[in-house]
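Undergrad: what's the 3D shape of this:
(2 chains)
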Amino acid sequence: MNEKKSLLRNDGFQTFVTSIICIILGLIVGWLALLIIEPSGAWGAIVAVIKNFFKYPSAPARLKYFGSTLAKTAPLIFCSLSVLFAYKVGLFNIGAAGQYCLGVALALYLAIVKQMPWFVCLVAGIVAGGVSGALCGLLKAYFNVNVVISGIMLNWISLYGTNLLLKPAMDPSGKDTFRLVNKAKQALLPTLGLDKLFSKNQYVTLAIPLAIVVAVIIWIVLDKTKIGYELKATGNNVNAAKYCGMKENRNIILTMVIAGGLAAMGGALYYLSDFEQWNVNASAVPGMGFNGIAAAFLGGLNPIGCLFSSYFITHITMGGGNVDLSHYCAQIADFISAVIIYLCGFVLFFKTVMNGWLKKSEEKKIARARAAAEEANKEGGNA
Amino acid sequence: MENQYAIEMLNITKRFPGIIANDNITLQLKKGEIHALLGENGAGKSTLMSVLFGLYQPEEGIIKKDGQVVKINDPNDANRLGIGMVHQHFKLVECFSVLDNIILGVEPNTAGFLQKAEARQKVLDLSEKYGLQVDPDAIIEDITVGMQQRTEILKMLYRENEILIFDEPTAVLTPQEIEELMQIMKGLAAEGKSILFISHKLNEIMEVADRCSVLRKGKYIGTVNIAETTKEELSRMMVGRDVEFVVAKEPAKPTDVVLNVEGMTVASKMHANNAVKNVSLQVRKGEIVCIAGIDGNGQTEFVYGISGLEPLKSGKIEFLGQDITKMPIRKRSVMGMSHIPEDRHKHGLVLDYSLENNLVLQRYFEPEFTNKAGFLKKANIRKYAERLIKEYDVRSGQGPITPARAMSGGNQQKAIIAREIDKDPKLLIAVQPTRGLDVGAIEFIHRQIVAHRDAGNAVLLVSLELEEVMSLSDRILVMYEGEIVGELDPKKTTVEELGLYMAGAKRQ
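TA: Residues are numbered from 1 along each chain as shown, chains lettered A, B, ... in the order given. The predicted model follows:
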């Protein structure tokens, strides 16, 4: 009994179970919505979402599109790590979206306009995101400006700043920036031979293993190190942090620098893999930063969990692209993945429910055991 | 025969996973009596009151009101049954007037428009009848703690509550105010109200209560008539052994100056005046100096200034002969300053951290707990935490990994004290170190503090607890409105004289 209890009460296990519950609920609600819009295609659509690349009959094709899904997962992992890191320190980094833009901006500008090699572009992108994060952190630390407010404002500034900066990198034939493969080969991320593993998918690059490594590093920093101890203490109780002599303002700023750097790193890596090009007329920040929030929560605010949740969200988003559009309008793919992502936010809620339920059942069990013991006592007394 | 009990809680059992908070507890409150409820921290008093207010449902046992079995599902049920409570921390709206606070939630109105005249008359009548002087139009934040408490009592009376619960009501009062409260309680009982008086303070129980029920570790120990018992008997029931009331200590042998404060002025966050005004004092090795005073007279800011939490407006602090006026907090701590903070939730603990992580809060960066690469040595932290838990008898559900949030207030306090004293500081600043603790724990902590003094260290004690001030300190400095108004020798002064200084009626 002891062992069973410890598994059910194990935080990681609970996160896993509740995440699965959320995913299933999300799929059901998504399916119901499809049923209401157009019943005949609902099942096919939801299957397409779940299947994603499995719809391809040949193994090499499946592998290739699996590679693409991974390529798109990497930036989401960085964004979710950014959100998670700030959240552990008690800050809600909604500015991840803007920091992501800045990462893209610096990376593409240096790649296309200045013809710099990939690592310079990457580092510059990270620095840009870090500076943006630092700005939020400074405002929070010295003027107590809520990071959500400053984050949202900076998102817009970053978006239009990115558009401005990337104008010279625009391919005149469209509204997007040049493909790196045509104009800036030196800035393409190395593939480390991974492309060959995925049926020559050139978008499978260094970014993917790097995302995993960074997730592990974040986990170690938060859980095992002195600096993680300080940052979490500052996040949980800034007064206590000050009381015991931690540099609470430095910790807040440092956290935002790291969070900003992470989001920007995701953006820079993604665009340096050439998978997508930046639309210089974009009027909204890419959803990646916001999806990072969902991925962080679905992953139970655990860096390793983020790896899986980010993959899942990317998987269904890409699967959404395969929905048969003869039944539905073009936005349906985003709609379904949004519904599922939305329900993913309920992980913490379900965890609370689950703990309450566990507590109740345990109380009952104790009561029953006690009643039985009393019964036995009575009988013993009578005999 | 008419039922003589206003409320009866019979054979109440309430279990939480792994712990029986109330084990077959019976509490019978007679009509018109003052019934004290005495017990150590974690004895189950709060749980029992939560059951009475319907916040918890007991697994076993029944509650009777006037002999009838009642079911209390939530606090509203309790209110309907005429049960009211004055909480330890008042539940008043600071920027509302006394009258507004009293009628809050039961505002008399016609079609949504307040009808205050009638309420005002009722409040005035009540305050006259029970001798509860208040100014109905005064704003809560402007009045004394004593008047705030009277407002709370009037709140219960306005709602025509018959059963009045006082949760540690004297903790925040001056001796004079305590005396007044005792008279008020007696008056209420004489008018037929039934009073449940939750307290640690044996003197007060002896003075005011008719009967006393004692809980220990969740179990019901017994109910005694106060007229037939003694203080020693009560404390034995509560703790399960004899307790020393007087702190046994040798006369102080002060030597070198450890802390030297000159002309310290600290700004106030609340008002334009300075919270601490030009205070100078010295604390020497081997003595316990106590700052006495009523809450809010600048003691908090004074300690913030010394510990580095607030910058000084002017003045100078020397610690061990070194000017530390502008030194960061961490450096002061490493030099040998420990600070048991006044507010354990605000400063003392990271509530979401485990007990072990809280126990190393002042030392986590030392080589014992962090290696050169910056990784925490978790095995050492665990070992250290286990030692402190054992030495200081810090009780918790899961030992070192218990979240601090899940521990009782008294044990949270013990954890902080363990952490601060174990650092072996040259100067121990202890602000209200025994707040909310029971006699057993207080005795233990007082002995620790005296032992720390005897080991040749300096102790600066800030306390609102007069008994503690009188028994523990070697020198008393009274703070009133940010100034030191008197220096007293605890052996040559009385509680009454001290009270006069604290209330600003006397100064040297």
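Undergrad: Kindly provide the distance from the nearest residue to residue B:310 once chain neighbours are set aside to residue A:249.
TA: Nearest non-adjacent residue to residue B:310, counting by Cβ to Cβ, 6 or more residues apart in numbering or on different chains: residue B:304, 3.8 Å away. In this view, the C-beta of every residue, glycine as well, is placed from N, C-alpha and C. Computed as Cβ to Cβ, to the nearest Å, the residue B:304 to residue A:249 distance reads 17 Å.
Undergrad: Spell out the secondary structure type for the residue nearest to residue B:310.
TA: Under DSSP: H, G, I helix; E, B strand; the rest coil, the three-state class of residue B:304 is helix.
Undergrad: any idea of the pLDDT on it?
TA: We have a pLDDT of 94 for residue B:304.
Undergrad: what about it, neighbour count?
TA: Residues lying near residue B:304 (other Cβ atoms under 10 Å in any protein chain shown) number 23.
Undergrad: What is the neighbour count of the residue nearest to residue B:437 when sequence neighbours are not counted?
TA: Distances taken as Cβ to Cβ, 6+ apart put residue B:410 closest to residue B:437, at 5.0 Å, once the chain neighbours are dropped. By the criterion of other Cβ under 10 Å, residue B:410 has 23 neighbours.
Undergrad: quick one: residue B:410 and residue B:438 touch, right?
TA: Yes. Contact criterion Cβ atoms under 8 Å: residue B:410 and residue B:438 qualify, at 6.7 Å.
Undergrad: name the element the residue in the stretch 151-300 of chain B that chain A sits nearest to belongs to?
TA: Across the stretch 151-300 of chain B, no residue is closer to chain A than residue B:300, which sits at 13.0 Å (Cβ to the nearest Cβ). Here residue B:300, judged by DSSP states H and E, is contained in helix B:299-307.
Undergrad: so how far is that helix from its chain's centroid?
TA: 19 Å (Cα atoms, centre = their mean, to the nearest Å).
Undergrad: Mind listing residues that contact whichever helix or strand comes after it?
TA: Next along the chain after helix B:299-307, taking DSSP H and E as the criterion, comes strand B:314-319. By Cβ atoms under 8 Å, 6 or more residues apart in numbering or on different chains, the surrounding residues in contact with strand B:314-319 are B:257-265, B:278-280, B:305-306, B:323-325, B:332, B:335, B:337, B:427.
Undergrad: Residue numbers of chain A in contact with chain B?
TA: A:224-227, A:229, A:232-233, A:236-237, A:239-246, A:359, A:362-363, A:366-367 (Cβ under 8 Å from any Cβ of the partner chain).
Undergrad: you'd agree the residue of the stretch 151-300 of chain B closest to chain A is up against residue B:347?
TA: No. Counting by Cβ under 8 Å, residue B:300 does not reach residue B:347; the two are 10.7 Å apart.
Undergrad: Tell me who's in contact with residue B:406.
TA: Contacts of residue B:406 by Cβ under 8 Å, 6+ apart are B:396, B:397.
Undergrad: Just to check, the residue nearest to residue B:310 is in contact with residue B:266?
TA: Yes. Here residue B:304 reaches residue B:266: they are 6.9 Å apart, a contact under Cβ under 8 Å.
Undergrad: so what's in contact with those two at the same time?
TA: By Cβ under 8 Å, 6+ apart, the residues touching both residue B:304 and residue B:266 are residue B:310.
Undergrad: Does residue A:294 touch residue A:341 like I think?
TA: Yes. Between residue A:294 and residue A:341 there is a contact at 4.3 Å, judged by Cβ under 8 Å.
Undergrad: Alpha carbons only: can I get the helix holding residue B:300 in CSV?
TA: What follows is helix B:299-307, C-alpha atoms only, in CSV (Å, rounded to 0.1, in the frame of the first residue of the first chain):
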residue,chain,number,x,y,z
GLN,B,299,11.1,48.9,17.3
THR,B,300,10.5,47.3,13.9
GLU,B,301,12.3,50.1,12.1
PHE,B,302,15.1,50.1,14.6
VAL,B,303,15.8,46.5,14.0
TYR,B,304,15.5,46.9,10.3
GLY,B,305,18.1,49.6,10.6
ILE,B,306,20.6,47.5,12.5
SER,B,307,20.1,44.4,10.4
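Undergrad: Okay, angle between that helix and strand B:314-319 too, please.
TA: 60 degrees (axes from the mean of the first three to the mean of the last three Cα atoms, to 10 degrees).
Undergrad: Now do the contacts for the residue of the stretch 151-300 of chain B closest to chain A.
TA: Counting by Cβ under 8 Å, 6+ apart, residue B:300 touches B:275, B:342, B:431.
Undergrad: hang on, the second one is in a strand, isn't it?
TA: No. The assignment for residue B:342 (three-state DSSP) gives coil, which keeps it out of a strand.
Undergrad: So what's the residue count around it?
TA: 20.
Undergrad: likewise the last one?
TA: When counting by other Cβ under 10 Å, one arrives at 25 neighbours for residue B:431.
Undergrad: Quick check: bridge partners of it?
TA: On the basis of DSSP bridges, residue B:431 is bridged to residue B:462.
Undergrad: Contact partners for it?
TA: B:299, B:300, B:303, B:339, B:340, B:341, B:342, B:462, B:463.
Undergrad: rewinding a little: how near is the residue nearest to residue B:437 to residue B:435?
TA: 9 Å.
Undergrad: now do residue A:67
TA: Distance from residue A:67 to residue B:435, by Cβ to Cβ: 63 Å.
Undergrad: which of these two has more neighbours?
TA: Using other Cβ under 10 Å, the more surrounded residue of residue A:67 and residue B:435 is residue A:67, with 23 against 20.
Undergrad: you'd agree the more buried one is up against residue A:200?
TA: No. With contact defined as Cβ under 8 Å, residue A:67 does not reach residue A:200; the gap is 9.0 Å.
Undergrad: what residue of chain B is the furthest out?
TA: residue B:111 (43.0 Å; Cα atoms, centre = their mean).
Undergrad: Check whether residue B:55 sits in a helix, strand or coil.
TA: coil.
Undergrad: Not counting its neighbours along the chain, what's nearest it?
TA: That would be residue B:75: by Cβ to Cβ, 6+ apart, it lies 6.9 Å from residue B:55.
Undergrad: hang on, the one you found packs against residue B:51?
TA: No. If you go by Cβ under 8 Å, residue B:75 and residue B:51 don't touch, sitting 11.7 Å apart.
Undergrad: okay, the two: which has more neighbours?
TA: Neighbour comparison, residue B:75 and residue B:51: the larger count goes to residue B:51, with 24 against 15 (by other Cβ under 10 Å).
Undergrad: can I assume that one is in contact with residue B:10?
TA: No. Residue B:51 lies out of contact with residue B:10 (Cβ under 8 Å); the separation is 11.6 Å.
Undergrad: Which residues are in contact with each of these two?
TA: residue B:63.
Undergrad: helix/strand/coil for the nearest residue to residue B:259 once chain neighbours are set aside?
TA: With sequence-adjacent residues excluded and distances taken as Cβ to Cβ, 6+ apart, residue B:259 is closest to residue B:283, at 4.2 Å. Secondary structure for residue B:283, judged by three-state DSSP, is strand.
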